[in-house]
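S.K.: Structure for the following, please:
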Amino acid sequence: MVVQGIIRGNSIELTESPQLPEGTLVWVSVIDRPYLLGLPPAQRESLLFQFLGGWQDDPELTEIFDEIDRDRHQQITEPASIDLAP
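M.R.: Numbers count the residues shown, from 1 in each chain. Down below sits the predicted model:
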């Protein structure tokens, strides 16, 4: 997910909601857009691939996706209860 933000002091104000729960731990890669626009296209592409591949060798990534896969395939043994009354 890539979300644009504006630096305000020691904080980053996001221009759109990332749709994550309050208190979620995130990693931020800051890219100064005007700096990137001044680079030759080949160098911009190289930096983009470095940014997008940031998790490539992250040992926790496999664990995270394994957990997601287990959760997706877990059988639900209790019926869902939906109360539509106001």
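S.K.: can you pull the contacts of Ile31?
M.R.: Going by C-beta atoms under 8 Å, 6 or more residues apart in numbering, Ile31 touches 47, 51. All C-beta atoms are positioned from the backbone trio N, CA, C, and that covers glycine.
S.K.: Begin at 50, not 1, for the rest of this chat.
M.R.: All right, first residue 50 from here; so that's Ile80.
S.K.: Need the per-residue pLDDT for it.
M.R.: Note for Ile80: predicted pLDDT of 74.
S.K.: How much space separates it from Thr111?
M.R.: Look at Ile80 and Thr111: by C-beta to C-beta, to the nearest Å, they are 26 Å apart.
S.K.: And Phe98, by the same measure?
M.R.: 21 Å.
S.K.: next helix or strand past the helix or strand of the chain with the lowest mean pLDDT?
M.R.: The helix or strand of the chain with the poorest confidence is helix 82-86; it has a mean of 70 (mean pLDDT, DSSP states H and E). The helix or strand immediately downstream of helix 82-86 is helix 90-101, counting by DSSP states H and E.
S.K.: can you list contacts of that next one?
M.R.: For helix 90-101, the external contacting residues (C-beta under 8 Å, 6+ apart) are 78, 80, 85, 88.
S.K.: Dump the C-alpha coordinates for the longest helix seen in the chain into PDB.
M.R.: Using DSSP state H, we find that the single longest helix of the chain is helix 108-122. The C-alpha trace of helix 108-122 is given here as PDB (Å, rounded to 0.1, in the frame of the first residue of the first chain):
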ATOM      1  CA  PRO A 108      12.300 -13.300   7.000                       C
ATOM      2  CA  GLU A 109       9.100 -12.300   8.800                       C
ATOM      3  CA  LEU A 110       7.200 -12.000   5.500                       C
ATOM      4  CA  THR A 111       6.900 -15.800   5.000                       C
ATOM      5  CA  GLU A 112       5.600 -16.100   8.500                       C
ATOM      6  CA  ILE A 113       3.000 -13.400   8.000                       C
ATOM      7  CA  PHE A 114       1.700 -14.900   4.800                       C
ATOM      8  CA  ASP A 115       1.700 -18.400   6.300                       C
ATOM      9  CA  GLU A 116      -0.500 -17.000   9.100                       C
ATOM     10  CA  ILE A 117      -2.800 -15.300   6.700                       C
ATOM     11  CA  ASP A 118      -3.100 -18.500   4.700                       C
ATOM     12  CA  ARG A 119      -3.900 -20.600   7.800                       C
ATOM     13  CA  ASP A 120      -6.500 -18.000   8.900                       C
ATOM     14  CA  ARG A 121      -8.200 -18.000   5.400                       C
ATOM     15  CA  HIS A 122      -8.500 -21.800   5.400                       C
END
